[in-house]
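A.B. asks: take this sequence and fold it.
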Amino acid sequence: MTEENSDSEFQFDDPESYLDHLDGEISTLKEKLVNSFEFDSDELRKRLNSTEELFSEARTVMSQIEEAKQQFDSQVENEFMTVLKECQKISKEIAELTDTADVLKETLRAEETLEGLENSLRTRQYVAAVDYLLSLESMFSSAMMTQLRDEVSAFSTLHQEFVCRKEKVFFNLKEAWSQSVQWSTLDEKQQLTMLNGSELQSVLQAMNNLSQGGTLSVDLVASVVKEFSEKLFNHVLTPLLVQDNEATVSAKNESFVVQVGRRRPQQKQKQQSKKGEESAALTATLNTIAGVIEALNQFIGFVLIKDNVSLLQLIGRVIGDRFVTRLTSECIMSSIPSSVAEFERFDSIFESVESFQSRLLKVGFLQQEQSKSICCYLNDFQLLFVQKKCLEMVIEARRWIRSPLHETQFVGEVLTESASSGSKQDDCHEIDENFALPNELAHFPKCQVSKGAIKLAELVYTNLSEASKMTDSRANKIAYCAHNLFHLYLEMVPMYHKDVLTELPQTSAIFLNSCMFLAHHLLTLGHQFPAVCFADLVAKTRSRGQEIFRKQLMRQKSLILESLQQTYGLQMISEKTVRESVFKAAKQVNYQLEHLASVWRDVMPNGPFNSAMAFLLNIVLGFVVDSLLQLVDISADDASQLHILMNSLLEPLPRLFISNEPVALAQGKLTRWYQFKELQLALNATLQEIVDRWADGKGPLANEFSAEQVASLIRALFQNTERRANALAKIRSS
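C.D. replies: Next up, the predicted model:
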């Protein structure tokens with residue numbers, strides 16, 4: 001037992017040795033068990049105790065086995081977890097090393113791509129440079145590179161280098177375009193120079209690839225083509241549409257140069273000598289433009305951008321519509337015949353335009369829709385003719401409308417004074433059955449009319465005469481255009497010449513004459529050209545001129561009244577200070593009236609001139625009359641000074657009217673004349689003379705003033721005496 005116990009206490013240092021030990025003991029037990037069964041039954045009982053002992057030993061061995069198993073499982077599990085952790089650590093390190101290797105590969109590829117981009121730019125291989133740039137953009141847009149760019153400073157620096165190279169590519173492409181396409185001004189001529197067509201194609205192809213490159217999409221093609229198209233339109237095509245310009249084209253293998261400038265004087269003289277045919281000039285212009293575009297196509301037509309679209313086709317898409325509009329409105333329209341007699345040369349114009357558009361269609365500069373618009377424009381020839389006539393009429397009319405009003409010309413005939421002033425016949429006179437209207441009745445009186453109005457009338461007559469030769473109903477449009485020209489004149493002249501019409505009396509009188517002159521012609525235009533009625537404009541034209549001149553008269557009236565306000569209502573005129581102020585105001589009024597007479601006398605007809613001066617002089621006389629009637633006390637000295645003042649106001653009368661008898665004319669036109677003269681007589685008259693002129697309410701004084709007004713005048717002139725009281729009573733009673 002002692003040996004067995006010592007065996008049970010075997011140390012568990014080596015698991016394999018221990019297992020071998022247990023296996024030996026099990027074998028020993030088996031042997032003993034077999035031996036025990038070999039004993040006979042007698043010995044069975046003897047062996048029973050020993051068997052129990054064997055069972056006890058077996059149980060002990062089993063517990064040892066279980067304990068060994070537990071210890072073995074515990075040791076194996078601990079070692080397994082240790083090994084597992086070491087494996088996970090090694091796996092993580094391997095993954096990190098793999099990621100690092102991938103990053104290093106990407107970094108190396110990015111650096112190699114950057115170097116390739118730089119080399120491509122250095123060797124001007126722009127398509128390859130853009131491919132490198134797009135590859136870099138794809139690298140740096142990946143999730144891994146985005147994360148590393150935020151975490152690792154080296155990758156941030158690499159990304160900054162990518163951004164710098166990207167901007168450098170953009171700059172180099174634009175710079176290469178600028179070097180290949182140059183615009184300059186030489187001796188007042190616009191010059192386009194294009195160099196190295198193969199490099200130009202490389203630049204445009206690179207730009208096109210760049211415009212289709214993912215998130216880096218930048219449409220440089222559209223920007224440079226648009227800029228080039230605009231300059232081509234403004235500096236080459238538009239000047240060539242003007243027939244005074246010419247183009248010189250020089251095209252070689254590696255260069256294309258076109259110069260546009262003014263035609264040389266010798267060529268101008270040659271063209272002016274052939275001026276009989278404007279269609280020839282149009283044909284030359286169209287051939288020049290087509291030649292420039294065809295030469296340009298030979299140089300850049302092979303440059304395909306995308307979808308097999310050439311550079312010239314892209315240019316046509318940008319400016320084609322505007323070019324067609326400019327071509328039709330300025331070039332072709334200017335060559336449309338200006339008269340019916342020139343209609344036969346329209347066929348040559350049509351042929352020239354058809355040949356021109358077919359040449360541009362062939363090179364792809366124009367599209368079918370744009371070509372159709374040119375054909376539609378030329379289909380209705382007579383409409384084009386009418387539109388051109390109307391446009392020329394409006395342009396010419398605007399030129400004369402804006403011409404200075406002071407540039408005048410004498411028109412009309414010198415009429416008798418009765419015809420000029422519009423003499424009146426007494427209703428009681430009987431009209432002789434053989435009575436005939438005087439020839440002067442339909443004549444326009446002699447006066448000055450602005451040259452603009454005369455030219456406008458001539459313009460209308462000329463174009464209406466031309467329209468009358470046309471059988472087409474569209475000729476009526478010319479007549480309606482002529483009708484509207486008068487509306488334009490009546491609305492635009494007062495607006496455009498507003499300042500001079502307001503400030504200068506002579507100009508307003510000229511405008512009145514011009515309106516009357518146009519109205520005089522409008523009376524007969526409808527009979528000469530019955531297509532349109534012009535009679536509706538007669539009253540409007542006259543009233544417009546009268547309105548402007550009436551405003552001038554009101555302005556002069558306000559100036560006269562402003563001067564007369566310095567007379568203090570003619571009170572106490574015998575005092576020196578008042579007398580000086582009153583006579584100074586009278587001189588100002590006389591000067592103003594004489595000035596107006598001097599500027600109007602040679603401008604206006606006699607009748608309107610006399611009426612205008614009578615209106616203004618009537619303002620002066622009325623002011624004096626009204627002021628005198630309001631005075632309550634007039635001393636002898638005051639009466640004497642007032643009489644002198646009234647004489648001074650009448651002193652310039654002969655110079656204010658055009659008449660052999662200005663006083664008689666003034667008596668007929670001045671409504672306040674007799675009141676003024678009666679007051680002038682009353683200031684130096686005795687009381688009895690005033691009563692005699694009253695004549696019991698039947699005298700000349702009674703014809704101009706009421707009894708109350710005469711009584712007030714007597715009270716102001718004479719002291720309160722019995723004779724004055726009797727005179728006042730006599731006036732009131734009559």
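
A.B. asks: and stretch 17-37, average pLDDT?
C.D. replies: For stretch 17-37, mean pLDDT is 77.

A.B. asks: could you pull out the strands for this structure?
C.D. replies: Ranges of strands in the chain, per DSSP state E, are 181-186, 189-195, 245-251, 255-262, 304-306, 309-310, 408-411, 447-450.

A.B. asks: so the third one versus strand 189-195, what angle?
C.D. replies: Meaning strand 245-251. Angle of strand 245-251 versus strand 189-195, following axes from the mean of the first three to the mean of the last three CA atoms, to 10 degrees, is 20 degrees.

A.B. asks: in its sheet, what does strand 245-251 sit against?
C.D. replies: strand 255-262 (antiparallel) (DSSP bridges).

A.B. asks: what's next to the strand it pairs with, contact-wise?
C.D. replies: Strand 255-262 has contacts (CB atoms under 8 Å, 6 or more residues apart in numbering) with 186-197, 235-236, 239-240, 244-251, 292, 295-296, 299-300. Yep, even glycine has a C-beta here, placed from its N, CA and C like the rest.

A.B. asks: check stretch 327-336 too.
C.D. replies: Stretch 327-336 is contacted by residues 241-243, 278-279, 281-282, 285-286, 346, 349, 353, 373-374, 377-378, 381, 384-385, 387-388, 391 when judged by CB under 8 Å, 6+ apart.

A.B. asks: repeat that for stretch 517-530.
C.D. replies: With CB under 8 Å, 6+ apart, stretch 517-530 has contacts from 411, 444, 449, 453-454, 456-457, 460, 464, 467-468, 479, 486, 489, 532-535, 537-538, 541-542, 545.

A.B. asks: mind doing that once more with 7 Å?
C.D. replies: With contact meaning CB atoms under 7 Å, 6 or more residues apart in numbering, stretch 517-530 is reached by 411, 444, 449, 453, 457, 464, 468, 479, 486, 533-535, 537-538, 541-542.

A.B. asks: same thing with stretch 382-391?
C.D. replies: 333, 336, 337, 463, 472, 474, 477, 478, 481.

A.B. asks: inside helices: which ones of the residues you listed?
C.D. replies: Members of those lying in helices (criterion: DSSP state H): 333, 463, 477, 478, 481.

A.B. asks: got the phi and psi for the nearest residue to residue 724 once chain neighbours are set aside?
C.D. replies: The shortest distance from residue 724 to any non-neighbouring residue, by CB to CB, 6 or more residues apart in numbering, is to residue 718 (4.8 Å). Residue 718 adopts backbone torsions of phi -120, psi 150, taken as degrees, to the nearest 10.

A.B. asks: right, and residue 718 touches residue 687 too?
C.D. replies: Yes - with contact defined as CB atoms under 7 Å, residue 718 counts as touching residue 687 (5.6 Å).

A.B. asks: separation between residue 444 and residue 625?
C.D. replies: The span separating residue 444 from residue 625 equals 37 Å under the rule CB to CB, to the nearest Å.

A.B. asks: who's in contact with the spatially most central residue of the chain?
C.D. replies: The residue lying closest to the centre of the chain (CA atoms, centre = their mean) is residue 322, at 16.8 Å. Neighbour list for residue 322: residue 233 [criterion: CB under 7 Å, 6+ apart].

A.B. asks: distance of it relative to residue 372?
C.D. replies: 17 Å.

A.B. asks: state the distance from residue 579 to residue 641.
C.D. replies: In this view, residue 579 and residue 641 are 6 Å apart by CB to CB.

A.B. asks: tell me which of the two has more neighbours.
C.D. replies: Neighbour totals were compared for residue 579 and residue 641, and residue 641 leads with 22 against 18 (other CB atoms under 10 Å).

A.B. asks: and that one, what pLDDT?
C.D. replies: For residue 641, pLDDT reads 92.

A.B. asks: my read: it touches residue 572, true?
C.D. replies: No - using CB under 7 Å, residue 641 makes no contact with residue 572, being 9.7 Å away.

A.B. asks: before we move on, back to that, how about a markdown table for the contacts of stretch 382-391, with neighbour count and pLDDT added?
C.D. replies: Shown next, in a markdown table, are those (neighbours: other CB atoms under 10 Å; pLDDT from 0 to 100):
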| residue | neighbour count | pLDDT |
| --- | --- | --- |
| 333 | 14 | 76 |
| 336 | 22 | 76 |
| 337 | 19 | 73 |
| 463 | 21 | 88 |
| 472 | 12 | 64 |
| 474 | 15 | 70 |
| 477 | 18 | 86 |
| 478 | 25 | 87 |
| 481 | 24 | 91 |
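
A.B. asks: please convert the residues you listed to TSV, extending it with distance to residue 262.
C.D. replies: Formatted as TSV, these follow (distance: CB to CB, whole Å):
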residue	distance to residue 262
333	22
336	24
337	27
463	32
472	39
474	37
477	36
478	35
481	34
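
A.B. asks: nearest to residue 502 among the residues you listed?
C.D. replies: residue 481 (30.6 Å; CB to CB).

A.B. asks: which residue comes closest to the closest one once chain neighbours are left out?
C.D. replies: Nearest to residue 481 is residue 390, by CB to CB, 6+ apart, at 4.2 Å.

A.B. asks: can you check residue 222 too?
C.D. replies: residue 211 (7.5 Å).

A.B. asks: so the one you found touches residue 224, yeah?
C.D. replies: No - judged on CB under 7 Å, residue 211 makes no contact with residue 224 at a distance of 10.9 Å.

A.B. asks: what do the two both touch?
C.D. replies: Common neighbours of residue 211 and residue 224 (CB under 7 Å, 6+ apart) do not exist.

A.B. asks: report the separation between the residue nearest to residue 724 and residue 299.
C.D. replies: The gap separating residue 718 from residue 299 is 110 Å, by CB to CB.

A.B. asks: neighbour-wise, which of the two wins?
C.D. replies: Neighbours per residue, other CB under 10 Å: of residue 718 and residue 299, the larger number sits with residue 299, 23 against 16.

A.B. asks: okay, the more buried one: pLDDT?
C.D. replies: For residue 299, pLDDT reads 80.

A.B. asks: and the gap between it and residue 574?
C.D. replies: Taking CB to CB, one finds residue 299 at 100 Å from residue 574.
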